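Trainee: from the sequence below, what's the structure:
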Amino acid sequence: MSTERTLSIRRFRTGSIFRIVAAGCFFCLVPLCILMGILALFGLDTLSWNNQPIHGWRGFFAAPFIGLFVAAVFTAFGGVGLSVGLWLYSKFRPLSLRALVDGESSDAA
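Mentor: Modelled structure (predicted):
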């Protein structure tokens with residue numbers, strides 16, 4: 001059973017921020033690009049590289065790689081931006097987060 005707790009965080013580690021941003025980007029953008037690759041398989045102009053549309057099987061096979069590339073770029077820029085922003089925020093006050101914690105805590109053992 002999960003319980004809700006409020007955590008007061010003074011500062012996030014940069015690696016944690018990048019992990020969260022990467023998980024969000026990769027689990028969102030790669031499936032979206034795969035869907036666009038399926039649509040490109042049927043001849044739609046959903047994918048392009050160097051301003052050239054990619055159609056057919058080439059678009060279908062290129063879609064996951066385009067998704068990985070786009071997610072990596074978004075992770076790099078978003079992670080840096082969030083890290084700087086949260087670092088500046090931590091200079092003024094701690095961050096309060098509400099989290100769902102699983103039933104048994106590890107310190108009880």
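Trainee: all contacts plus neighbour counts: C-alpha atoms, from now on.
Mentor: Will do.
Trainee: how near is the closest residue in space to Trp57 that isn't next to it in sequence to Leu88?
Mentor: The shortest distance from Trp57 to any residue other than its chain neighbours is 5.7 Å, reached at Leu41 (CA to CA, 6 or more residues apart in numbering). Between Leu41 and Leu88 the computed distance is 46 Å (CA to CA, to the nearest Å).
Trainee: quick revisit: residue contacts, the residue nearest to Trp57?
Mentor: 55-60 (CA atoms under 8 Å, 6 or more residues apart in numbering).
Trainee: mind redoing it with 10 Å?
Mentor: Listed by CA atoms under 10 Å, 6 or more residues apart in numbering, the contact set of Leu41 reads 35, 54-61.
Trainee: just confirm Arg93 is within a strand.
Mentor: No. Assigned with DSSP: H, G, I helix; E, B strand; the rest coil, Arg93 falls outside any strand and is coil.
Trainee: which residues does it contact?
Mentor: Taking CA under 10 Å, 6+ apart, we find Arg93 in contact with 8-11.
Trainee: out of those, which end up buried?
Mentor: Buried members of the contacts of Arg93, counted by 16 or more other CA atoms under 10 Å: Arg11.
Trainee: show me the contacts of Arg93 that map onto strands.
Mentor: 8-9 (DSSP state E).
Trainee: among the contacts of Arg93, which one lies nearest to Ala99?
Mentor: For the contacts of Arg93, the residue nearest Ala99 by CA to CA is Ser8; the value is 10.6 Å.
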